[in-house]
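# Quick one, what's the 3D model for this:
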Amino acid sequence: MRPDEFQEIVNETINSLPYEFKSKMENVDIVVEDWPGDEEVKGKGLLYGLYRGVPKTKRGNYYSGVLPDKITIFAGPILTTSKDLKEAREKIKDTVLHEIGHHFGLSDKQIYRAIKS
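The predicted structure is shown next:
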């Protein structure tokens, strides 16, 4: 899969979010990188995506004017662990939704239930 195709799936996933979620995503950047760095992987094992920031449920009035949160989707781990393009597309979508769930303050368990339902 070419990098632009990977990015397009990320964009499609974001654009397909219901308005009530998309309209509440604020102060967050979503980027694609090839591989996580050593510090990002430390203690986490295989990493498809990473959310860095303060979840919306924990933000106070002080939060305006700060640097944006960052969601990083790692293409390398997703593509190397996918058996075909269909599986890669699903992993990309699930990873984007998973990390957006963290932006909204959801736990891994809550995200898994939401994605799989």
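# How about residues contacting the longest helix anywhere in the chain?
Criterion DSSP state H: the longest helix present in the chain is helix 85-103. When contacts are taken as Cβ atoms under 8 Å, 6 or more residues apart in numbering, the neighbours of helix 85-103 outside the stretch itself are 1, 6, 9-10, 13-14, 17, 21, 25, 28, 30, 48-51, 53, 55-56, 69, 71-73, 78-79, 81-82, 108, 110-111, 114-115. To be clear about C-beta, it is placed using only N, CA and C from the backbone, and glycine gets the same treatment.
# make it 7 Å
Taking contacts as Cβ atoms under 7 Å, 6 or more residues apart in numbering, the residues outside helix 85-103 that touch it are 1, 6, 9-10, 13-14, 25, 28, 48-49, 51, 53, 55-56, 69, 71, 73, 78-79, 82, 111, 114-115.
# among those residues, which are in helices?
Judged by DSSP H, helices contain the following of these: Phe6, Ile9, Val10, Thr13, Ile14, Ile78, Leu79, Ile111, Ala114, Ile115.
# Of those, which is the most crowded?
In terms of neighbours by other Cβ atoms under 10 Å, the ones in helices among the contacts of helix 85-103 top out with Ile78 at 25 neighbours.
# who touches that residue in this structure?
Applying Cβ under 7 Å, 6+ apart, we find Ile78 in contact with Tyr48, Ala88, Lys91, Ile92, Thr95.
# and the gap between it and Lys56?
As judged by Cβ to Cβ, to the nearest Å, Ile78 and Lys56 stand 25 Å apart.
# Show me what counts as buried in stretch 85-100.
By neighbour count, with 16 or more other Cβ atoms under 10 Å as the criterion, the buried positions of stretch 85-100 are Ala88, Arg89, Lys91, Ile92, Lys93, Asp94, Thr95, Val96, Leu97, His98, Glu99, Ile100.
# Just the closest of the residues you listed to Glu39, please.
Checking the buried residues of stretch 85-100 against Glu39 with Cβ to Cβ, the nearest one is Glu99 at 17.6 Å.
# The closest one and Asp84: what is the separation?
Separation of Glu99 from Asp84 (Cβ to Cβ) stands at 23 Å.
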